[in-house]
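J.: sequence and predicted structure below; questions after.
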Amino acid sequence: MTTTTLAVLVPLLPFLGAAAGLLLGRTAPGFVRPLAVLPTFTSLVLAVVVAVHQGGGQAIDAATELTPTGSVPIYLALYIDGFAALVAVLVGVVATCVQIYSTGYLRDDPRYPSYAALVSLFTSAMLLVVYSGDLMVLLVGWEVMGICSYFLVGHYWETPEARAASIKAFLVTKLGDVPFLIGLFALGTDAGSFRITKVLGAVASGGLHHPTLIGLLLLAGVAGKSAQFPLHTWLPDAMAGPTPVSALIHAATMVAAGVYFVARLLPVFQASSATMIVLAAMAAVTMAGSGLAALAQDDIKRVLAYSTISQLGYMTGALAVGDRGAAVFHLLSHGAFKALLFLAAGVIIHAAGTNSLAAMSRMSNLRDRVPDAYWTMTVALLALAAIPPFSGFFSKESVLGAAERVAAGHTDHVPGATGWIVLVAGLVTALLTGAYAMRLWLLAFRGRGAEAPDHGKQPLAMNAVLWVLAVPSLALGGLTFRVLPHWFDGRDLSPTLATSVLGTGVALVGGIVTYGAWRHTTALAARVPLGAVVAHPEADAGLVEAEAIAMHKPVYGDVAYAADPADPGRLLLGPLHRHAAVGFHLDTVYRVLFVRPVLAGASLVRFLDREVVETYVRGAGALPRLLGAAVRRAQTGNVQTYVSALLAGTVVLVVAAVLVATGA
């Protein structure tokens, strides 16, 4: 087979697996797990083969006209450069790990067949986005991911949280997709083609007539998909879905799509200095604000969700300073350790026998109960905090180094202010990352919350995947920062001394200060006796829950346990904590600015429709009804009455005719 044929099969195989899984899920349940894992794994193998053939050299470019449009044609096109080849491998690795992990995590879930099929379809859509050489075909994958996220986030649709989260994810991302679609049409019109190669050629020749407008419209879609300020609020709520779905969305598919799109079309955004400054400001607010929010969350998955938003801010910051190599390098590194963090969190949640129990203040003695999760999550948190020699250190330093070069004026095509914005925000975020990573580790594995019931050892498939992902989290950066440059435009990705010392130093300061705050709060909390309110097994669970809520204690079944009061986040953030815990009230702002006016407008329209429009409609129908009633009364069915009326009418007509004739 040719490389082009293999590349076509990469997104096609998961799609076929999804279709087969949906068709055979109920009739042949024994095939569900093989159909979930094997097509995705085969797609990964083919993606690796394509990457080896591409080798970071000449891009693979092939196209056939999909349909004549009469104006700008649409092509079924492939465009695989070094970025696309490596991102496809990342998607394949994470998707395969998620599918294998899910065979254990959801082994008793009756809706596993549809879940597995949707994960495969999600994977296929992202691979289509990665490999597509035509913007309209890319848009298909972009939108398929949106609908898949709606179904997967709402997998536990019995719970109101999952239903609300799925609707919110769909609506907020669509809010960005509308201007994104308009921007794509404007870009295709200006460039005369939707082919990515021709679009980039038009940019190079100065063929874009509205670069700022196009760039800002496209950024709206990127902000929605990649959860950047101000369209990031859907991502923390999306944690109501299954934990493997969170790993897939955060590490390799949906949120990665926006960053990858900007990296692929970076010259389009660089054509407007205003767009790049907006991108830098968006990245700065996103990374620093989300870091503060992560430090105030109690739910372990929401900590990781805000962490993802913050790390995506690093990637968009790298793009804002014009270094897409650093952005995609951090995308690859982050994909490995963030998938590991979510799947390790899933092991912790699974150990408690529930999907929703993830409050760190309730955790205790987890190091001995989930040793695989403990060691692998420790590796992933060190990578997240960018501590050398873990992978996050090298990728994050490439971002800070790129920002430092722009701030120092070593590049001409990017404003120096952009570099300073990204650099300062990046260092502040590094401090916050070290703090919330240390807090998560302390509360999850050394917390004093009462121990939840032990539900036994986790399935081998779940623990094995953790160790597989621990390898790139530990070794990816050190092994590849010297190899990747020829895949990424030849830019140097090596850490620089200044940013390495500053970045690592502030991360260590954040971790050490958090540890000190934890020791202080632990000493204070030791004076508060930890206990449990244990109800009789036959007692009313509702009464137990009510009592526990009144005493501010979490509930496990019919037992209420005390939470751990030793939370360093409260001490570190002080009065800011309550605001950071709710995402700085951005949802409330949206509710006041958008939701309430829309609901008020809907109520007004309903009132006008019911009281005004319907009144006129009823009035217009009243006269015909009255006339009909009069005519209906004349229709008695009596022949004599009809003859009498006929004779009377005839007499009237004759008399009238005589009078007229006489008058004439």
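T.: Perfect, thanks for sending it. Residues are numbered from 1 along each chain as shown.
J.: spatially nearest residue to S102, not counting backbone neighbours?
T.: P244 (4.7 Å; C-beta to C-beta, 6 or more residues apart in numbering). To be clear about C-beta, it is placed using only N, CA and C from the backbone, and glycine gets the same treatment.
J.: residues near H53, how many?
T.: Per other C-beta atoms under 10 Å, the neighbour tally for H53 reads 16.
J.: distance of it from L46?
T.: Distance of H53 to L46, given as C-beta to C-beta, to the nearest Å: 10 Å.
J.: with F393 instead?
T.: From F393 to L46 the distance is 31 Å (C-beta to C-beta).
J.: related to what we said a few turns ago, give me the common contacts of H53 and L46.
T.: L6 (C-beta atoms under 8 Å, 6 or more residues apart in numbering).
J.: pretty sure the residue nearest to S102 contacts Y105?
T.: Yes: in this structure, P244 is within contact of Y105 by C-beta atoms under 8 Å, at 5.8 Å.
J.: find residues that contact each of those two.
T.: The overlap between the contact sets of P244 and Y105 (C-beta under 8 Å, 6+ apart) consists of G346.
J.: just the strands from the stretch 201-350 of the chain, written as ranges.
T.: Counting by DSSP state E, counting those that start in this stretch, the stretch 201-350 of the chain forms no strands at all.
J.: so, low pLDDT: which residues of it?
T.: For the stretch 201-350 of the chain, applying pLDDT under 70 flags no range at all.
J.: likewise the chain?
T.: For the chain, the stretches with pLDDT under 70 are 352-358, 448-456, 477-482, 525-566, 664.
J.: can you map out the helices along the stretch 301-450 of the chain?
T.: For the stretch 301-450 of the chain, the helices defined by DSSP state H, counting those that start in this stretch cover 324-351, 366-369, 371-384, 391-407, 416-446.
J.: how far out from the middle of the chain is the fourth one?
T.: What it means is helix 391-407. From the chain centre to the centre of helix 391-407 is a distance of 24 Å (C-alpha atoms, centre = their mean, to the nearest Å).
J.: what packs against that helix?
T.: Other elements packing on helix 391-407 under the criterion 3 or more C-beta pairs under 8 Å, 6 or more residues apart in numbering; DSSP states H and E are helix 300-320, helix 324-351, helix 371-384, helix 416-446, helix 460-480, helix 497-525.
J.: to A620, which of the helices of the stretch 301-450 of the chain lies closest?
T.: Closest to A620 of those is helix 324-351 (C-beta to C-beta; 61.1 Å).
J.: next one: the closest one to chain centre, how far?
T.: 14 Å.
J.: before we move on, the earlier item: mean neighbour count and distance to W487 added to the helices of the stretch 301-450 of the chain, as CSV?
T.: Formatted as CSV, the helices of the stretch 301-450 of the chain follow (neighbours: other C-beta atoms under 10 Å; distance: least, C-beta to C-beta, whole Å):
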stretch, mean neighbour count, distance to W487
helix 324-351, 28, 8
helix 366-369, 17, 39
helix 371-384, 23, 21
helix 391-407, 28, 13
helix 416-446, 24, 23
